[in-house]
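>>> Need a 3D model of the sequence below.
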Amino acid sequence: TYNARNETLLQKRTFAEATAKCHFVVIPVSEFYESKYFDNKPQRWGVRRKDGQATFIAAVYEIARVQGEIVRSASMITMDAIDHPMMKEFHEPGNIKR
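Predicted coordinates:
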């Protein structure tokens, strides 16, 4: 599902109930992708640890029943990363870095 901004977890209807119920989880990933801009054109870059170990990403999750089926979903929790030495390199110039 969509990324969840940490500063609006309780305000956004999409995430408020799961956040209030403390439905948090940590997702291990070997790599994630971000857009890096060159000459105002995005290029997809993979981000991973040098040592090959997993990176752990905080998320909020929900479990719902849809047409009789159990559906599980999770959204990564993001934050402003403008001051982060590596992450500030990503996303469109002038936009908040997440």
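>>> can you pull the contacts of the closest residue to Val29 other than its chain neighbours?
Closest residue in space to Val29, ignoring its immediate chain neighbours: Thr55 at 5.4 Å, by CB to CB, 6 or more residues apart in numbering. (C-beta placed from N, C-alpha, C; glycine too.) Thr55 makes contact with Pro28, Val29, Ser30, Glu31, Phe32, Val47, Arg48, Arg49, according to CB atoms under 8 Å, 6 or more residues apart in numbering.
>>> Now with 10 Å, please.
Ile27, Pro28, Val29, Ser30, Glu31, Phe32, Val47, Arg48, Arg49 (CB atoms under 10 Å, 6 or more residues apart in numbering).
>>> how close does the third one sit to Ile57?
In other words, Val29. Distance from Val29 to Ile57, counting by CB to CB, to the nearest Å: 6 Å.
>>> next one: the first one
Computed as CB to CB, the Ile27 to Ile57 distance reads 5 Å.
>>> same check, this time on the second one
Between Pro28 and Ile57 the computed distance is 8 Å (CB to CB).
>>> more neighbours, the two?
The residue with more neighbours, out of Pro28 and Ile57, is Ile57; 15 against 9, by other CB atoms under 10 Å.
>>> Let's see the helix or strand that one falls within as PDB, backbone CA atoms only.
Per DSSP states H and E: Ile57 is located in strand 55-66. In PDB, the C-alpha atoms belonging to strand 55-66 read as follows (Å, rounded to 0.1, in the frame of the first residue of the first chain):
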ATOM      1  CA  THR A  55      17.800  -3.400   6.200                       C
ATOM      2  CA  PHE A  56      14.800  -3.200   8.600                       C
ATOM      3  CA  ILE A  57      12.000  -0.800   7.800                       C
ATOM      4  CA  ALA A  58       9.300   0.200  10.200                       C
ATOM      5  CA  ALA A  59       5.700  -0.200   9.000                       C
ATOM      6  CA  VAL A  60       2.100  -0.100  10.100                       C
ATOM      7  CA  TYR A  61      -0.100  -3.100   9.100                       C
ATOM      8  CA  GLU A  62      -3.800  -4.100   8.900                       C
ATOM      9  CA  ILE A  63      -5.500  -7.400   8.500                       C
ATOM     10  CA  ALA A  64      -9.000  -7.300   6.900                       C
ATOM     11  CA  ARG A  65     -11.600  -9.700   5.500                       C
ATOM     12  CA  VAL A  66     -12.500  -8.800   1.900                       C
END
